[in-house]
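1. output the structure for:
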Amino acid sequence: MNNAVFTAPLIRGAAIQKAGKPWTVRFFDKNPAPSQSPVRILIDTDDEKAAAETVHKAFDTVKEGGKTAIPAFIEAVYKGESAFFITAPDMPSLKAAQSGTAASWPIDNTLPAKAGSAVCPSCRADVVKNRVALVTGGAQGFGEEIVRGLINQGAIVCIADLNIEGAEKLASALNTEYGKEVAFAVKVNVADEESVREMIKTIALKAGGLDLCVSNAGVLRASSILEQDIASFRFVTDINYTAFAIVSKHCAALMKRQNAACPSWTSDIIQINSKSGLEGSNKNGAYAGGKFGSIGLVESFALELVGYGIKVNAVCPGNFFDGPLWSDPEKGLFVQYLKTGKVPGAKTVQDVKAFYEAKVPMNRGCSGPDVLRAVLYLVEQVYETGQALPVTGGQVMLH
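-> Below you'll find the model as predicted:
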């Protein structure tokens, strides 16, 4: 494993443990501040807990003015290979640290990070502040709205999408809007494990670790089972079911390594599922089947990963009528359902839309802010895992 990918989450976890709050860590291939002598950490083991202990011991030697401090500059040597890191309380401080003006960061809060304080703060606005979040399928639709909402709440977001041009454009626009680095873009094919592995490597190098994965990427090809070709069925299943497992596998590995250095820290994997994961969907079996199956994965992963401080939940939104999934004039669901005759008597796209709006007790489709509030709730609620939370305007109710 790459030195920096192994050591970055250990360093970030140790910093979180010292500071009692999220911390920013970034990799450099050479000393970014030659005027400063970095704290040198020699790691000679692949065991994550033993390596974390080595990092903690190195941190314990750092003091400033008699106070506990976190080193700003680190050289981690793993298997004879050096990697350099800058650490800082937040992204603007990290940029300032590159000038070499601060050798360490004094810490007033010497208590370790606790689930009841750092993870579930008294101020609800701080739920994701300075946390590192990943949103797959983040360049458009629900994904873009979740990205914007998380950044507005103070998160640092990796926008991951096969549409890299859209992801880069969105990241650039958000960084300009906020006047600091709040987002970065990564190209990913969530159904390709090597592509996902590279995405996680980028996150580790640019942000040090990961606190929240929003697995949002998904596809839909509506069709009667009597007519649908199996290639389309497999494609929908690969993206909506198998890809969630691939993304969860590699995100969890990064979160687990970070947790080795800060066992009290909680991380989250949240799948954006669907109301079709809670009830069947006529002439849409591939989609509903994949979503039903994903809830089984959510429950299973939740049981397996809870020992590493990783919560796994799903948000099951109702229909996002205004997004491209439904409203795209060529490939949207309204067009697909009109063509497949899913809505009896419908002659226009507007007929199809009116039919679906009438099914919702609250008489409207789901929106990005509706989903964002559910995501923030699941992050804040540290005593909940393995759940599928409906956000359907009353259209689907749990029993």
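
2. ok so residue 185 is a strand residue?
-> Yes: counting by DSSP: H, G, I helix; E, B strand; the rest coil, residue 185 is part of a strand.

3. skipping adjacent residues, who's closest to it in space?
-> What sits nearest to residue 185 in space, not counting adjacent residues and going by C-beta to C-beta, 6 or more residues apart in numbering, is residue 167, at 3.8 Å. (C-beta placed from N, C-alpha, C; glycine too.)

4. in what helix or strand does the one you found lie?
-> If you go by DSSP states H and E, residue 167 is part of helix 164-178.

5. off-centre distance for that helix?
-> In terms of C-alpha atoms, centre = their mean, to the nearest Å, the centre of helix 164-178 is found 17 Å from the chain centre.

6. which residue comes closest to residue 377 once chain neighbours are left out?
-> Closest to residue 377 by C-beta to C-beta, 6+ apart is residue 389, at 7.5 Å.

7. sec struct for the residue most central in space within the chain, please.
-> In the chain, the C-alpha nearest the mean C-alpha coordinate belongs to residue 213, at 2.0 Å (C-alpha atoms, centre = their mean). Here residue 213 is strand, with the state taken from three-state DSSP.

8. what does the pLDDT read for the closest residue to it other than its chain neighbours?
-> Excluding the flanking residues, the one nearest residue 213 by C-beta to C-beta, 6+ apart is residue 251, at 4.2 Å. Per-residue pLDDT puts residue 251 at 98.

9. got the contact list for residue 251?
-> For residue 251, the contact set (C-beta atoms under 8 Å, 6 or more residues apart in numbering) comprises 134, 200, 210, 213, 269.

10. so residue 370 sits against residue 390, correct?
-> No: assessed by C-beta atoms under 8 Å, residue 370 is found out of contact with residue 390, at 10.8 Å.

11. between the strand or helix carrying residue 202 and strand 183-187, how big is the angle?
-> Assigned by DSSP H and E, residue 202 belongs to helix 193-207. On the basis of axes from the mean of the first three to the mean of the last three C-alpha atoms, to 10 degrees, helix 193-207 is oriented at 160 degrees to strand 183-187.

12. need the pLDDT of the residue nearest to the centre of the chain.
-> On pLDDT, residue 213 comes in at 98.

13. do the same with residue 114
-> Confidence score, pLDDT, at residue 114: 53.

14. please apply the same query to residue 353.
-> Listed pLDDT for residue 353 reads 93.

15. so it sits right up against residue 319, yeah?
-> No: here residue 353 lies out of contact with residue 319, judged by C-beta under 8 Å, at a distance of 9.5 Å.

16. what about residue 108, neighbour count?
-> Residues lying near residue 108 (other C-beta atoms under 10 Å) number 8.

17. sorry, wrong one. I was asking about residue 260.
-> A count of nearby residues for residue 260, using other C-beta under 10 Å, gives 22.

18. from residue 70, how far off is it?
-> Using C-beta to C-beta, to the nearest Å, residue 260 is found at 18 Å from residue 70.

19. now do the contacts for residue 269.
-> 213, 215, 248, 251-252, 255, 301, 305, 310-313.

20. specify the beta-bridge partners of it.
-> Beta-bridge partners recorded for residue 269 (DSSP bridges): residue 213, residue 312.

21. distance of it from residue 158?
-> For residue 269, the distance to residue 158 equals 14 Å [C-beta to C-beta].

22. which strands and helices sit next to the helix holding residue 167?
-> helix 141-152, strand 156-161, strand 183-187 (3 or more C-beta pairs under 8 Å, 6 or more residues apart in numbering; DSSP states H and E).

23. wait, residue 202 touches residue 186, no?
-> Yes: here residue 202 reaches residue 186: they are 5.1 Å apart, a contact under C-beta under 8 Å.

24. got any residues that touch both of those two?
-> Contacts common to residue 202 and residue 186, judged by C-beta under 8 Å, 6+ apart, are residue 158.

25. residue boundaries of the strands in the stretch 251-399 of the chain?
-> Using DSSP state E, counting those that start in this stretch, the strands of the stretch 251-399 of the chain run over 267-272, 310-317, 388-391.

26. now the first one against helix 141-152, angle please.
-> Going back to what we said before, that points to strand 267-272. What separates the directions of strand 267-272 and helix 141-152 is an angle of 150 degrees, with the same axes, to 10 degrees.

27. please apply the same query to the second one.
-> For the pair strand 310-317 and helix 141-152, the angle between their directions (the same axes, to 10 degrees) equals 130 degrees.
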